[in-house]
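S.K.: turn this into a structure:
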Amino acid sequence: MALTVGFDLDMTLLDTRPGIKDTYDVLAAETGTFIDSELAVSRLGPPLLHELAHWFPAEQVETVADRYRALYAEHAIAGSLELPGALAAVAAVRAVGGRVLVITGKWEPNARLHLDGIGLEVDVLLGDLWAEGKGEALRAHGADVYVGDHLGDIRGARAAEAVAVGVATGPYGAAELAEAGADVVLRDLTEFPDWLAGHLAAHSV
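M.R.: Next up is the predicted model:
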């Protein structure tokens, strides 16, 4: 069976903070509700509804989330940047005949806009998933490895019994990712191709 590697999106493949901050700022202006957008982008990972619940009454969160997602497509895509090594990491999986999944907490249509924006083709894209929910999807698609920057990504990989690869490009440092159960922690995705080569060599039959 072909190697299957999953990647998180925000702060793993892409630095989406500039565009997300802009989107929150526009949303705040539209609604007249204070949102500390700097704080919001410092804790990316959990689902959008979790973040919006910090700023809006519970009965408004779903409606506001719909508006955020619409604004996101206009304000967040162009401002996002490929993180170092992202495309090369995906290419390394392709080079050994592997399949690539992107499993993210982001709303899937907006995640698709991001992937199209950097020309990244994947075999499977799944959105609106978090922590153990990612684990269920990873298991369903037979993922061998999951790469992410958040403690929730490590939880997802562990739940799927996939190799948990942490990258210290998000809100958590290497020590925190390792303590959460990452099997390996990389500084960023520039280190992924060499790690993958070593991993496959060590596990070849």
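S.K.: before we move on, what SS does residue 19 have?
M.R.: Under DSSP: H, G, I helix; E, B strand; the rest coil, the three-state class of residue 19 is helix.
S.K.: could you give the number of residues near the nearest residue to it once chain neighbours are set aside?
M.R.: Spatial nearest neighbour of residue 19, chain neighbours left out: residue 76 (3.1 Å); criterion: Cβ to Cβ, 6 or more residues apart in numbering. (Each C-beta comes from the backbone N, C-alpha and C, glycine too.) As a burial measure, residue 76 scores 25 neighbours (other Cβ atoms under 10 Å).
S.K.: my guess is residue 76 contacts residue 23, does it?
M.R.: Yes - contact criterion Cβ atoms under 8 Å: residue 76 and residue 23 qualify, at 4.9 Å.
S.K.: so how far is the least confident helix or strand in the chain by mean pLDDT from its chain's centroid?
M.R.: Ranking every helix and strand in the chain by mean pLDDT, DSSP states H and E puts strand 81-82 at the bottom, with a mean of 94. The chain centroid and the centroid of strand 81-82 are separated by 13 Å under Cα atoms, centre = their mean, to the nearest Å.
S.K.: show me what it is packed against.
M.R.: In terms of contacts (3 or more Cβ pairs under 8 Å, 6 or more residues apart in numbering; DSSP states H and E), strand 81-82 is packed against strand 14-15.
S.K.: can I assume residue 102 is in contact with residue 6?
M.R.: Yes - the pair residue 102 and residue 6 qualifies as a contact (Cβ under 8 Å) at a distance of 7.1 Å.
S.K.: of those two, who's got more company?
M.R.: Applying other Cβ under 10 Å to residue 102 and residue 6 shows that residue 6 carries more neighbours, namely 31 against 24.
S.K.: now the residue nearest to residue 19: phi and psi?
M.R.: Main-chain dihedrals, residue 76, degrees, to the nearest 10: phi -110, psi -20.
S.K.: domain map for the protein?
M.R.: The chain breaks down by automatic domain parsing into domains covering 4-15+80-202, 17-75.
S.K.: tell me which of those domains sits most buried.
M.R.: Most buried of these, by mean neighbour count (mean count of other Cβ atoms under 10 Å): domain 4-15+80-202, with a mean of 20.
S.K.: please report how far residue 50 lies from residue 198.
M.R.: Taking Cβ to Cβ, to the nearest Å as the measure, residue 50 falls 36 Å from residue 198.
S.K.: actually residue 145, sorry about that
M.R.: From residue 145 over to residue 198 (counting by Cβ to Cβ), the distance is 13 Å.
S.K.: same check on residue 138?
M.R.: Applying Cβ to Cβ to residue 138 and residue 198 gives a distance of 22 Å.
S.K.: what's the answer for residue 156, then?
M.R.: Following Cβ to Cβ, the distance that separates residue 156 from residue 198 is 23 Å.
S.K.: any stretches of this structure with poor pLDDT?
M.R.: For the chain, the stretches with pLDDT under 70 are 205.
S.K.: can I get stretch 161-178 in CSV? Just the C-alpha atoms.
M.R.: In CSV, the C-alpha atoms belonging to stretch 161-178 read as follows (Å, rounded to 0.1, in the frame of the first residue of the first chain):
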residue,chain,number,x,y,z
GLU,A,161,-1.9,5.5,15.4
ALA,A,162,-0.1,7.5,12.8
VAL,A,163,3.4,8.8,13.2
ALA,A,164,3.0,12.3,14.8
VAL,A,165,5.4,14.8,13.2
GLY,A,166,5.3,18.2,14.9
VAL,A,167,6.6,21.3,13.3
ALA,A,168,7.5,24.3,15.5
THR,A,169,6.1,26.9,13.1
GLY,A,170,2.9,27.5,15.0
PRO,A,171,2.0,28.5,18.6
TYR,A,172,4.0,25.7,20.3
GLY,A,173,7.7,25.1,20.6
ALA,A,174,9.6,21.9,20.1
ALA,A,175,9.5,20.9,23.8
GLU,A,176,5.7,21.4,24.0
LEU,A,177,5.1,19.3,20.9
ALA,A,178,7.4,16.5,22.2
